[in-house]
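> I'll drop the sequence and a predicted model, then ask my questions.
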Amino acid sequence: MLAFAIRRLGQSFFVLVVMSFIVFLGVFAVGNPIELLVNPQADEAERLRATVALGLDKPILEQYAVFLKGAVTGDLGRSFVFNVPAIQLILQKLPATIELALAAMLIAVGLGIPLGLLAGLRPHSFVGRSIMALSIVGFSLPTFWVGLVLIMLFSVHLGWLPSNGRGETVMLLGVPVSFLTWDGLQHLAMPALNLALFKLSLLIRLTRAGAREAVLQDYVKFARAKGLGPRRVIGVHVLKNILVPIVTVIGLELGSVIAFAIVTESIFAWPGSGKLLIDSINLLDRPVIVAYLMVIVTLFIAINFFVDVLYSMLDPRVRLGSASTAH
C-alpha cells in the first residue's frame with residue numbers, strides 16, 4: 001500500500017510540473033496586459049517602465065523559471081491589478097467555491113445513488129422509466145438556462161429564494177461558511193442545485209448500469225437463495241460491489257465541479273474563485289489566472305491521488321495490477 005501511494009505521488013508531481021508549463025505558456029500567449037494596465041495616452045518610455053516592472057520584458061522561458069522558483073516556496077506571483085499575492089486572492093475566494101461544489105456533490109450523491117438503484121432494480125417500471133427520462137433531461141439542459149429558469153421561478157415569481165450573493169456567513173475553523181445560517185442556506189440552495197443537475201444525471205445512469213449488472217451476478221443469486229432479505233442483498237451485495245466505479249467518478253467529478261463552477265457563479269453572482277477568474281481574464285491579470293489554474297490543477301491531482309488510494313483499498317487488485325505493470 002505504501003509503495004502504491006509513493007508511486008502515485010511521484011506521478012502526480014510529474015503531472016503538476018508539466019501542467020504548470022502548459023498553463024504558463026497558454027496564459028503568456030493571451031494578449032498583452034500592458035495594453036489594459038497602462039493609460040493609452042502614456043508615452044513609450046512609461047510603457048517600457050511598466051513592462052520591466054512587471055517582468056514582462058524577459059523571454060518566456062526566463063519568466064517561467066522565475067515563476068517556478070517562486071512556486072516552490074508558495075509564491076505564484078503578484079496580481080498586476082491589485083498588487084497583492086495572487087494566491088492570496090485565490091484563497092480568499094476559494095472557500096465559497098468549495099462550499100458550493102461540496103453542496104452540489106452532496107445533492108448529486110444523496111439523490112443520484114438511491115434513484116439510480118431504484119431505476120436499476122426496477123428498470124421496466126413506471127418509476128424506473130421516469131427516473132431515466134429525467135436523467136436524460138438533466139444531461140440535455142444547459143447550465144446557464146437552468147440557472148435563469150430557477151431564478152425566474154423561485155426568486156421572481158414565487159419569491160422564496162434570493163437570486164444572488166452568498167448571504168450571511170459564520171466562521172468555521174477560520175473559514176467563512178454560509179451553510180450554517182438560514183440566510184446562507186437560502187442563498188446556497190439554487191446555485192448548488194443548478195451545479196448538481198448534470199452530476200446527478202450522471203450518477204443516476206452510472207448507478208443504474210452497475211445495479212442492473214450486479215443483480216445478474218452469481219453472488220447476488222446465491223445471497224437470495226440463502227434467504228437474505230432484500231435490504232441486505234441490495235445494501236451489502238449490490239451496492240458494495242458497484243461502489244468502486246462510483247467512488248472514482250465522484251472524486252473526479254468533484255474536481256470538475258470546483259473547476260467549472262464559473263457559469264453558475266456568474267449567473268448567481270456567487271463570490272467564488274470562478275468569478276475572480278472571469279474578472280482576471282477580462283483584465284489580463286496573468287498572475288491571478290496562472291495561480292487559479294495551478295490551484296485547480298493541484299486540486300485535481302490531489303483528489304485523483306486520494307481516489308486512487310481509496311480505489312485500491314476497495315479493490316486490492318488495483319495495487320496488484322499496478323505492481324505487476326511496474327515490474
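Structure received.

> and the residue nearest to residue 9 when sequence neighbours are not counted, what helix or strand is that in?
If the residues on either side of it in the chain are set aside, residue 9 comes closest to residue 305, at 6.9 Å by Cβ to Cβ, 6 or more residues apart in numbering. Placement of C-beta: from N, CA and C, glycine included. In the assignment (DSSP states H and E), residue 305 maps to helix 286-314.

> pLDDT on that helix, on average?
When pLDDT is averaged over helix 286-314, the result is 76.

> for that helix, packing partners?
Counting contacts by 3 or more Cβ pairs under 8 Å, 6 or more residues apart in numbering; DSSP states H and E, helix 286-314 packs against helix 2-28, helix 86-121, helix 239-259, helix 273-282, helix 317-326.

> Worst mean pLDDT among those?
Among the helices and strands packed on helix 286-314, helix 317-326 scores lowest, with a mean of 48.

> Hmm, residue 67 is touching residue 86, no?
No. In this structure, residue 67 is not within contact of residue 86 by Cβ atoms under 8 Å, at 10.5 Å.

> any shared contact partners between these two?
76, 77, 290 (Cβ atoms under 8 Å, 6 or more residues apart in numbering).

> so which of these would you say is closest to residue 156?
Ranked by distance to residue 156 (Cβ to Cβ), the shared contacts of residue 67 and residue 86 are led by residue 290 at 38.8 Å.

> neighbours of the closest one, just the number please.
22 (other Cβ atoms under 10 Å).

> and it, what does it touch?
Shown in contact with residue 290 (Cβ under 8 Å, 6+ apart): 23, 24, 27, 67, 76, 77, 86.

> Try it again at 6 Å.
23, 24, 27 (Cβ atoms under 6 Å, 6 or more residues apart in numbering).

> same question, residue 299
By Cβ under 6 Å, 6+ apart, residue 299 lies in contact with 255, 258.

> State the distance from it to residue 122.
38 Å (Cβ to Cβ, to the nearest Å).

> cool, and residue 151?
35 Å.

> The two: which is more packed in?
Each of residue 151 and residue 122 has its neighbours counted (other Cβ under 10 Å); residue 151 has more, 20 against 14.

> isn't that one right next to residue 161, touching?
No. Using Cβ atoms under 6 Å, residue 151 is not in contact with residue 161, being 8.7 Å away.

> who touches both of these two?
With the criterion set as Cβ under 6 Å, 6+ apart, the contacts of residue 151 and residue 161 do not overlap.

> Just give the closest residue to residue 193, not the sequence neighbours.
Nearest residue to residue 193, sequence neighbours excluded (Cβ to Cβ, 6+ apart): residue 107, at 6.3 Å.

> Looking at residue 67 and residue 86, which one has more neighbours?
residue 86 (26 against 22).

> Many thanks, have a good one.
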